[in-house]
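K.L.:
Next one to model:
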Amino acid sequence: MDSDFLYHYTTIENWHNILGTLSEENKLIFYASDVFSLNDPKEVFIGYDLITQLIKQVEQEIDSDRNVGIGELLEQNDGQTKLIEIFKEAIPGINIRSFVISFSNIRDFMPMWSMYGKNGNGIVIKYNKSELQNLGILEKVVYVHESGNGITLNTADLDMLKCYFKKAYLLICKEYVNWDELHKLQFFAMLCAYVCPMVKHDAYKYEDEERILLVNAADKNIKFRVSSSGNIIPYKECPLPVSAITEIIIGPCCDFDVVERVLRMELANYGIKNIKITQSTVPYR
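P.N.:
Numbers count the residues shown, from 1 in each chain. Below you'll find the model as predicted:
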């Protein structure tokens, strides 16, 4: 595994459509999807449960002058109810959304081909990680185990999550000067928007995922598309530089010679050079 690169599994059709967005600035438009529209039905909510468990512990480790007191609010009689309401946007005037682009740390992996690479008939786009870090928050996903005994995670993942949790807490804290109850609720909603998308059920651990996260408050630049399953997906456009792409890996079930020739022709048609094209080594058909 090379930590300098990240991988995005997709279909050839999607890649064709992405190429069609090439701008004069030599950037391609990728879709950052609304976190409530992703394939994991527990997406975000499992992160919310974990935040409510960790919030007091994290606040105790933060300087007192920047401790908002969300943990205390949770302990109030109606605190839990209000936090759930705000998370579901039941409180008027608060409209916060999280959008993500997903990458894997694994270059060529059969389960990923099956799930996201059109069952081996798609491609993997390889990215230089350093060029992605300026586009938004780029963080590793933490995987947690959920059972009848609650949510658990190993020590290394807990430390990683708490580190990101504190970073997000202190970043958002700078935006507020008034700490009445409504502003505390707004703060918590924003904290959820930053932290919850970085937590997933460990059934997805094989993905070894990192995400670009875009958080917006009442942003009107949200678009909508229809997924292959017929669902409407809210998304934001995220321009990624062509220079970030170093390689395209053709799926193990593709006719390599045919697909490679067409991919090279299309890249040349858009004036894109220096992207290596290789074949998956996974024995799969």
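
K.L.:
Quick one: end-to-end length of stretch 196-210, please.
P.N.:
The distance separating the two terminal residues of stretch 196-210, taken as CA to CA, to the nearest Å, comes to 14 Å.

K.L.:
And stretch 132-144, by the same measure?
P.N.:
26 Å.

K.L.:
and what of stretch 225-241?
P.N.:
For stretch 225-241, the first-to-last residue distance is 23 Å (CA to CA).

K.L.:
quick one: average pLDDT of it?
P.N.:
Mean per-residue pLDDT for stretch 225-241: 89.

K.L.:
List the contacts of Ile106.
P.N.:
With contact set as CB atoms under 8 Å, 6 or more residues apart in numbering, Ile106 has these partners: Met1, Tyr7, Met112, Glu207, Asp208. C-beta coordinates here come from the backbone N, C-alpha and C atoms, glycine included.

K.L.:
Can you report how many residues neighbour the third one?
P.N.:
If you count neighbours by other CB atoms under 10 Å, Met112 ends up with 21.

K.L.:
Only the buried subset of the contacts of Ile106, as a PyMOL command please.
P.N.:
For the buried members of the contacts of Ile106, the matching PyMOL selection, counting by 16 or more other CB atoms under 10 Å, is:
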select buried, resi 7+112+207+208
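
K.L.:
can you pull out the helices in the stretch 1-150 of the chain?
P.N.:
Remark: helices of the stretch 1-150 of the chain, listed N- to C-terminal, are 12-19, 45-60, 70-75, 79-87, 110-116, 129-132; assignment by DSSP state H, counting those that start in this stretch.

K.L.:
Need those in CSV (columns: mean pLDDT and distance to Ser280).
P.N.:
Below are the helices of the stretch 1-150 of the chain laid out as CSV (pLDDT from 0 to 100; distance: least, CB to CB, whole Å):
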stretch, mean pLDDT, distance to Ser280
helix 12-19, 96, 13
helix 45-60, 86, 32
helix 70-75, 77, 46
helix 79-87, 60, 40
helix 110-116, 95, 7
helix 129-132, 94, 21
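
K.L.:
Cheers, nothing more for now.
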